[in-house]
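S.K.: sequence and predicted model, in that order:
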Amino acid sequence: MFRKIVALLVSLSVLVPFCSCSSGAQSDDVVEAAEVFAMAMLSRDADKLPELITENNSGAFEDFEDLFDDSLYSHEQNRFIEAVADTITYEVDASSVVISKNTASVNVVFTMVDYEAALAGSEFYDIDQVVSAVGSCDEVIEQTVTFEFEKVDDVWLLSNLGDLEELFSFCSYGFVITLDPFYMLGDTEIRDDIYSICMETSFTGNLNNLTSFLTFDVYLDGELVAQDQPALISENNVLCIYSGPDDDEIPAGEYEIRLNYDDEELCSSSITVERHSSGTEGPDEEPDDPSGSPDADPVVFTGPGIKVGIINLDPNESGYRSMNDLSLMNVFLIDDIYGYYDALFFESMHSGEQIQEALDYIDAGVEYLLINPAEPTGWDEVVSEAYDAGVKVIFFDQIADVDPSYYLTYVHNDTYLSAQEAVSWLANEGLPEYNIIHLQGVPGSSAQIDRTAALDEMVAAHGNWNYVIQESGYCDYNTAKIIVRNVIDSGEDFNVIYAENDHMASGAEAALDEAGISHGLGGDVMIVSFDSTYYGLESVGNGYWNYDQQCNPDQASYIDAVIRDYENGIVPPSEIIVDDLGFDARTITSEDIDEYGI
């Protein structure tokens, strides 16, 4: 990948011996040692350096290990680093060699693209444009670095590794890629079923951190029927899902969905919806049931697949909730291209509405009833009627207070277990003392209780774990920022922030930045957080935070496996725990951020 001006075929595994011969020969040895080290360094492989440096370089070597570790950079940053590194050439100035007994020095002139000039004054919409600008730039910069050597066991070893770190300052250069969805816009398709219309738009990049700017409007026969609806992001796709009024069958007509970015239209697509209901009559026909109430449309399963009724909470409650809802949509509707399922969805934060819809699903012949209850009580009638009708009930995310014999299984995250994993990770960091700012979530919530309990147990068990403050930030950015700022102003020492969600971790980070306190990888304060939002994982990936514990919203794939196994005679366990991953700033990848960020 690297080019150099002076071509020299030297194996990097061979060290340069010092000979007690003429000064000219010694000078050649120093030049050769410089050539060997320059090639090893430009390979950006830290494993090649230890045999070429003196023992007093151990601290600097650890810095170079981080500097050359691709996993600590985003995909885009690695592409930029490779583009700049590919332009580096060098020349050892043999005339600058100075030898004094067991020490020597020589100047090496490095030349590389002027990457700042290459990117100045331009706006870039993807990493390919950045790489192209670097590769086509004719402006260069030169940097002269003095290599200092010591003779150890007749071998010239580099003694000033730390002085060379500045040569790689481009590794941390902060270029900007403008996320412009207009530039990244791909194809759009639209489809419908009885109860909803979905417009799916592909993009050439990930738009996760633009979620709050993407909305859609819905027109029926030219009239606006829904406005500023939140769009959902699934990797590089944006989904606009419109359900009919009160979750009933959508009326017939010409529908147009317009996707907007920051109130400006990105794209649109139209579809004609015919009436699906078997009770729809022509103009000269009498209704099949003239006594039926026009205000109470019955629940109808129409497809040939397994009939699944899904009772969930409002997806707009949180980022986690929207991704949980999206995972169910993907498995039981969007990705179900072969019609294995015939699924109906109902979402409400009101337990009474959920219970009535569940009873309607049972009356309509549902085979599997998936329930995420808004409240734990009041579900006895539902599970009892489902049991009598042969309907298999699966609770997910949360469970009702009912007889376990009435449901098939319960699929959920174990927030206590995942909190223990986060606390164990923190313990394994081996700090001499843990002086902790603990930002708790909403008091009394299950997540707050479990995430607090795991940390409380560790603090109680170890004398070097201490609370500087333990206070609820109510999962709020500003509240957390104020709490941390107050601790800073008090002058109390702390070195860990344990935030029970990413909003609070961001607020804590802002307070640290304002006070000039370093944090994250190599910083004075470690930040541990929960939820693994997209921006949270980006903060981990950039080294601003140390760790983020996932609360995995993808329960749908587990439920899908339960149903398919049960259809083949395999009875699931009564409880299934969803895997929650932990993300460490030293090992997280850009692929992790894109795949798991919510």
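M.R.: Structure received. Residues are numbered from 1 along each chain as shown.
S.K.: and A422, how far from Y434?
M.R.: A422 is 13 Å from Y434, where distance means C-beta to C-beta, to the nearest Å. C-betas here are computed from N, CA, C, even on glycine.
S.K.: likewise F147?
M.R.: For F147 relative to Y434 (C-beta to C-beta), the value is 42 Å.
S.K.: and what of I88?
M.R.: 42 Å.
S.K.: how about D565?
M.R.: 44 Å.
S.K.: G352 now?
M.R.: 46 Å.
S.K.: in terms of neighbours, single out the busier of F147 and Y434.
M.R.: The residue with more neighbours, out of F147 and Y434, is F147; 26 against 22, by other C-beta atoms under 10 Å.
S.K.: which of the helices or strands spans the more buried one?
M.R.: In the assignment (DSSP states H and E), F147 maps to strand 140-152.
S.K.: quick check: buried residues in that strand?
M.R.: Buried residues in strand 140-152, counted by 16 or more other C-beta atoms under 10 Å: 145, 147-151.
S.K.: and stretch 306-324, how far from the chain's centre?
M.R.: Mean-position distance between stretch 306-324 and its chain equals 20 Å (C-alpha atoms, centre = their mean, to the nearest Å).
S.K.: next one: stretch 171-190
M.R.: 17 Å.
S.K.: next: stretch 162-173.
M.R.: With C-alpha atoms, centre = their mean, you get 28 Å for stretch 162-173.
S.K.: tell me the average confidence for that stretch?
M.R.: For stretch 162-173, the mean per-residue pLDDT is 89.
S.K.: repeat for stretch 463-480
M.R.: pLDDT averaged over stretch 463-480 gives 90.
S.K.: how about A510, secondary structure?
M.R.: Recorded secondary structure, A510: helix (DSSP: H, G, I helix; E, B strand; the rest coil).
S.K.: shouldn't it be in contact with I482?
M.R.: No. Using C-beta atoms under 8 Å, A510 makes no contact with I482, being 10.4 Å away.
S.K.: contact partners for T377?
M.R.: By C-beta atoms under 8 Å, 6 or more residues apart in numbering, the contact set of T377 is 351, 400-401.
S.K.: any chance of those residues in JSON lines, with secondary structure too?
M.R.: Below are the contacts of T377 laid out as JSON lines (three-state DSSP):
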{"residue": "S351", "secondary structure": "helix"}
{"residue": "A400", "secondary structure": "coil"}
{"residue": "D401", "secondary structure": "coil"}
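S.K.: okay, these in JSON lines with neighbour count and distance to D228 next?
M.R.: Below are the contacts of T377 laid out as JSON lines (neighbours: other C-beta atoms under 10 Å; distance: C-beta to C-beta, whole Å):
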{"residue": "S351", "neighbour count": "16", "distance to D228": "28"}
{"residue": "A400", "neighbour count": "24", "distance to D228": "34"}
{"residue": "D401", "neighbour count": "11", "distance to D228": "38"}
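S.K.: ok, of these, which one's closest to L344?
M.R.: S351 (18.8 Å; C-beta to C-beta).
S.K.: G339 and C198, how far apart?
M.R.: For G339 relative to C198 (C-beta to C-beta), the value is 16 Å.
S.K.: with F494 instead?
M.R.: Counting by C-beta to C-beta, the gap from F494 to C198 is 48 Å.
S.K.: likewise D66?
M.R.: 45 Å.
S.K.: what does N435 give?
M.R.: In terms of C-beta to C-beta, N435 sits 50 Å off from C198.
S.K.: which of those two has more neighbours?
M.R.: Between N435 and C198, counted using other C-beta under 10 Å, C198 has the larger neighbour count: 20 against 16.
S.K.: helix or strand for that one, which one?
M.R.: C198 belongs to strand 196-203 when elements are defined using DSSP H and E.
S.K.: residues of that strand that come out buried?
M.R.: So, applying 16+ other C-beta under 10 Å, buried residues of strand 196-203: 196-201, 203.
S.K.: in its sheet, which strands sit next to that strand, and in what direction?
M.R.: strand 185-192 (antiparallel), strand 237-243 (antiparallel) (DSSP bridges).
S.K.: by mean pLDDT, show me the worst of those strands.
M.R.: strand 237-243 (a mean of 82).
S.K.: kindly export it (C-alpha atoms) in PDB.
M.R.: Taking C-alpha atoms only, strand 237-243 is exported to PDB below (Å, rounded to 0.1, in the frame of the first residue of the first chain):
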ATOM      1  CA  ASN A 237     -34.200   1.500   4.200                       C
ATOM      2  CA  VAL A 238     -36.800   4.000   5.400                       C
ATOM      3  CA  LEU A 239     -40.300   2.600   6.000                       C
ATOM      4  CA  CYS A 240     -43.500   4.800   5.900                       C
ATOM      5  CA  ILE A 241     -46.200   2.600   7.400                       C
ATOM      6  CA  TYR A 242     -49.800   4.000   7.400                       C
ATOM      7  CA  SER A 243     -52.600   2.200   9.300                       C
END
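S.K.: E274 contacts G253, correct?
M.R.: No. With contact defined as C-beta under 8 Å, E274 does not reach G253; the gap is 9.4 Å.
S.K.: which one's more surrounded, these two?
M.R.: Neighbours were counted for E274 and for G253 using other C-beta under 10 Å; G253 has more, 16 against 8.
S.K.: the more buried one reaches E223, doesn't it?
M.R.: No. Shown here, G253 and E223 do not form a contact pair, counting by C-beta under 8 Å, at 9.4 Å.
S.K.: now the strands for the stretch 351-500 of the chain?
M.R.: 368-371, 392-396, 409-412, 434-440, 465-472, 496-499 (DSSP state E, counting those that start in this stretch).
S.K.: could I get the ones you listed as JSON lines with distance to I311?
M.R.: Shown next, in JSON lines, are the strands of the stretch 351-500 of the chain (distance: least, C-beta to C-beta, whole Å):
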{"stretch": "strand 368-371", "distance to I311": "5"}
{"stretch": "strand 392-396", "distance to I311": "10"}
{"stretch": "strand 409-412", "distance to I311": "14"}
{"stretch": "strand 434-440", "distance to I311": "30"}
{"stretch": "strand 465-472", "distance to I311": "31"}
{"stretch": "strand 496-499", "distance to I311": "32"}
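S.K.: nearest to D45, out of those strands?
M.R.: Nearest of those to D45, taken as C-beta to C-beta: strand 496-499 at 33.5 Å.
S.K.: each with direction, which strands does that closest one pair with?
M.R.: Applying DSSP bridges, one finds strand 496-499 paired with strand 434-440 (parallel), strand 526-531 (parallel).
S.K.: in the protein, which helix has the most residues?
M.R.: Counting by DSSP state H, the longest helix found in the chain is helix 23-42.
S.K.: next SSE after that helix?
M.R.: helix 58-67.
S.K.: next secondary structure after that next one?
M.R.: Next along from helix 58-67, by DSSP H and E: helix 75-85.
S.K.: in that next one, what counts as buried?
M.R.: 76-81, 83-85.
S.K.: only alpha carbons, please: show it as CSV.
M.R.: Output of helix 75-85 as CSV, limited to C-alpha atoms (Å, rounded to 0.1, in the frame of the first residue of the first chain):
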residue,chain,number,x,y,z
HIS,A,75,-15.2,2.3,8.4
GLU,A,76,-15.1,5.8,6.9
GLN,A,77,-12.1,6.8,9.0
ASN,A,78,-10.2,3.7,8.0
ARG,A,79,-10.9,4.4,4.3
PHE,A,80,-9.5,7.9,4.8
ILE,A,81,-6.4,6.7,6.7
GLU,A,82,-5.6,4.2,4.0
ALA,A,83,-6.0,6.9,1.3
VAL,A,84,-3.6,9.2,3.0
ALA,A,85,-1.1,6.5,4.0
